[in-house]
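> Starting from these lines, generate the structure:
(chains A and B)
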There are 2 protein chains.
Amino acid sequence: MSLDLGVDAVQLTEDLVNIESVSGNEQEIADAVEAALCELDHLEVQRFGHTIVARTQHGHAERVVIAGHIDTVPLNANLPARRDEQALHGLGTCDMKGGVAIALRLAATLPVTNRDVTYLFYECEEVEAERNGLQLLSQSHPDLLQADFAILMEPSDGIVEAGCQGTLRVDVRVKGVRAHSARSWTGVNAIHGAADVLARLNAYEPRRPVIDGLEYHEGLNAVFISGGVAGNVLPDECVVSVNYRFAPDRSVDEAYAHMREVFDGFDIELSDSAPAAMPGLSVPAAAAFVEAVGGRANPKFGWTDVARFSGLGIPAVNFGPGDPHLAHKQDEFVPLDQITTVERQLRSWLGGDA
Amino acid sequence: MSLDLGVDAVQLTEDLVNIESVSGNEQEIADAVEAALCELDHLEVQRFGHTIVARTQHGHAERVVIAGHIDTVPLNANLPARRDEQALHGLGTCDMKGGVAIALRLAATLPVTNRDVTYLFYECEEVEAERNGLQLLSQSHPDLLQADFAILMEPSDGIVEAGCQGTLRVDVRVKGVRAHSARSWTGVNAIHGAADVLARLNAYEPRRPVIDGLEYHEGLNAVFISGGVAGNVLPDECVVSVNYRFAPDRSVDEAYAHMREVFDGFDIELSDSAPAAMPGLSVPAAAAFVEAVGGRANPKFGWTDVARFSGLGIPAVNFGPGDPHLAHKQDEFVPLDQITTVERQLRSWLGGDA
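Numbers count the residues shown, from 1 in each chain, chains lettered A, B, ... in the order given. The predicted model follows:
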């Protein structure tokens, strides 16, 4: 399958969607993207696994990364793509082949830009971090990611989403003493002891700090609970797994320290964490970008790969077509006018004809 | 392997323990019991699967069942039997080959008794009810179980335990609305909702009714809890499995109605139940038996097969050597003097020489 970058971005989105590329199965789409980009003289193209980097080398003082992942979540009877008057429907339309199509169109049609651009198309964003193409590249070739600013074309309804909240998970462990349930007064029921953990969660008031003008919204939620030995035994252990989503003014360490306060008196253990990313809208390149694409920015509540750029010291935002709430849903779609608008805004910002 | 019923009850207990008979593997012990009983002219012996019934037919007005299960819980590196000065140690010593040995000794050495006796040795007491030899016999040959009174030789520390508490399990289901944990305010967390269920359990005051002079002690306990969809999702369901142990003055229906009151407002479902058994100590045969073996009786908190006799309209008690709290423990044992005392008491009650 070959890709024609001469078609419009809506058609190109449809063409990309119709190349199935569930995580781990990106060979075909990566081959097509690589082949199409290699035909463009103004780009230096490199490939690592199924991750492709294409860079302009105009010698500008400023460089921007425009990035998108080429994989999707698993098939759910939602291919091939289906287009109606308003939208394109199907797996990956929203998350995020609309954004990938725009980036490819910009790469193909802007031989001259007002800042250097590093286009990045990467694999395995929808699966574990160790397979994530952006993560792998940041470890093996961090130089290729160097830039003043990064735009991750994740669905954001065509409005800049800045920063992202961090996330961690702790296991809160409640202990008891086993006993036969026919003589329950001889034991201590660990599930009953978890009432205090749940009461603290119910009483918790999440913070809503304002950072760089954006109001974040934290959350503290039990995501798993388990306990039990047998139908006639008082259990001696109950584990509540709690997910804390924290605003970018807290580090993982600070967030974990907060968990120790909240669950003071219980045995807690950190099972998973990912740092937040500051919105970085005070950085000139970022502020100028927001100004250029409409002047509005929203906080990003979910965690995205912008945090990886943030970890490399590169301010980054999410900006792409599609409603982020539709990501991973069977009936995901992308509005056609958002594809067109986002492409026009980026084209203009890069110095092309609007 | 053959059994010599001429040895004393302690030695016979040891011999029975050394025939491994984990539930489902009772062939060998049942063969030995059947062969030994068939040599006794005063008994009418029948076998059903690995359950053996041996009856005297003296024509007395009164008949008593003396019953014991011949299976054990699984091996736990606790065979063969080991004897010291005070006790016999090993799998099945307490639960309940001491009681089985006494019953076999009575069967072998009392050709004449003052009431007719139905000796019952049955399989699969330690596993699901559908395999229980007593349950199967009560369905296929209820006439063979007809009696005025039944003694189940389960370990009771040599003191009569009368009646037994009933048990039921309900699943209390708490509903919520899924949401991504990064935007938790858009959902309803079902695990957090379970706080109310646990609070009701913690606030619950179990009844301690006195029935036939015995004080029972109810209990209401969560035995399982589960909920959770993924590490980043607010769960839409949390299920708390609650075990209610209820005194013999309540039927299963009454106990379930009580659960509906306690968990009013929640969706509950009955998953399991077994009725209680009234102590029945006001029945003359039972009262006379208690008088004959020391005049003391305790309430039985756990559920045992006495409830099956109760269901057939036959008053029944637990009475056997061994501490009931040691049943199913790796280090179970039976005190030698309890074997001797219980045998002597039963022998005397049946009209033999004390």
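> Check what contacts stretch A:273-290 and list those residues.
For stretch A:273-290, the surrounding residues in contact (Cβ atoms under 8 Å, 6 or more residues apart in numbering or on different chains) are A:62, A:64, A:148-149, A:151, A:160, A:162-169, A:211-214, A:246-252, A:255-256, A:296-297, A:299, A:303, A:306-307, A:309-311, A:315-317, A:349. Heads up, the C-betas are built off the backbone N, CA and C, glycines and all.
> out of those residues, who's near chain B?
With Cβ under 8 Å from any Cβ of the partner chain as the criterion, these include A:165, A:167, A:169, A:303 near chain B.
> Quick check: pLDDT value at the last one.
What the model reports as pLDDT for A:Trp303 is 89.
> On the three-state scheme, it is what?
coil (DSSP: H, G, I helix; E, B strand; the rest coil).
> Show the contacting residues for it.
A:Trp303 neighbours (Cβ under 8 Å, 6+ apart): A:164-167, A:245, A:274, A:276, B:182.
> Try it again at 6 Å.
With contact set as Cβ atoms under 6 Å, 6 or more residues apart in numbering or on different chains, A:Trp303 has these partners: A:164, A:167, A:274.
> Narrow these to those in strands?
The members of the contacts of A:Trp303 that map onto strands under DSSP state E are A:167, A:274.
> Pipe the contacts of A:Trp303 into JSON lines and attach pLDDT and neighbour count per row.
Converted to JSON lines, those look like this (pLDDT from 0 to 100; neighbours: other Cβ atoms under 10 Å in any protein chain shown):
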{"residue": "A:Cys164", "pLDDT": "91", "neighbour count": "32"}
{"residue": "A:Thr167", "pLDDT": "94", "neighbour count": "24"}
{"residue": "A:Ala274", "pLDDT": "91", "neighbour count": "17"}
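> So which bits of the stretch 151-300 of chain A are right by chain B?
Contact residues, the stretch 151-300 of chain A versus chain B (Cβ under 6 Å from any Cβ of the partner chain): A:169, A:181-184, A:189, A:191-192, A:195, A:198-199, A:201-202, A:219, A:221-228, A:231, A:234, A:243, A:245.
> rewinding a little: pick the one among the contacts of A:Trp303 closest to chain B.
Distance to chain B, by Cβ to the nearest Cβ, is smallest for A:Thr167 among the contacts of A:Trp303, at 7.3 Å.
> Mind checking which of the residues of the stretch 151-300 of chain A next to chain B are buried?
Buried members of those, counted by 16 or more other Cβ atoms under 10 Å in any protein chain shown: A:169, A:181-184, A:189, A:191-192, A:195, A:198, A:201, A:219, A:221-228, A:234, A:243, A:245.
> Helices of the stretch 51-200 of chain A, residue ranges please.
Assigned by DSSP state H, counting those that start in this stretch, the helices in the stretch 51-200 of chain A fall at A:98-109, A:133-140, A:190-193, A:195-203.
> what is the rounded mean pLDDT of stretch A:312-327?
Rounded mean pLDDT across stretch A:312-327 is 93.
> Contacts for it next, please.
So stretch A:312-327 is contacted by A:94-95, A:98-99, A:147, A:149-158, A:160-162, A:280, A:283, A:286, A:300, A:304, A:306, A:309, A:332, A:334, A:338-339, A:342 (Cβ under 6 Å, 6+ apart).
> Can you tell me which of those end up in strands?
A:149-152, A:160-162, A:334.
> now that we have these, which one has the most neighbours?
A:Val334 (32 neighbours; other Cβ atoms under 10 Å in any protein chain shown).
> residues touching that residue, list them.
Each residue near A:Val334 by Cβ under 6 Å, 6+ apart is listed here: A:88, A:93-94, A:98, A:321-322.
> re earlier: can you lay out the helices of the stretch 51-200 of chain A as CSV showing mean pLDDT?
Output for these, formatted as CSV (pLDDT from 0 to 100):
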stretch, mean pLDDT
helix A:98-109, 98
helix A:133-140, 96
helix A:190-193, 98
helix A:195-203, 98
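> mind pulling up the phi and psi values for the residue in the stretch 1-150 of chain A that chain B sits nearest to?
Per Cβ to the nearest Cβ, A:Glu128 is where the stretch 1-150 of chain A lies closest to chain B, at 11.9 Å. Torsion angles at A:Glu128 (phi, psi; degrees, to the nearest 10) stand at phi -60, psi 150.
> Same check on the one 4 residues further on?
Torsion angles at A:Asn132 (phi, psi; degrees, to the nearest 10) stand at phi -60, psi 120.
> Excluding chain neighbours, what is closest to it?
Closest residue in space to A:Asn132, ignoring its immediate chain neighbours: A:Cys124 at 5.4 Å, by Cβ to Cβ, 6 or more residues apart in numbering or on different chains.
> about what we covered before: could you say which one of the helices of the stretch 51-200 of chain A comes nearest to B:Lys175?
helix A:195-203 (15.5 Å; Cβ to Cβ).
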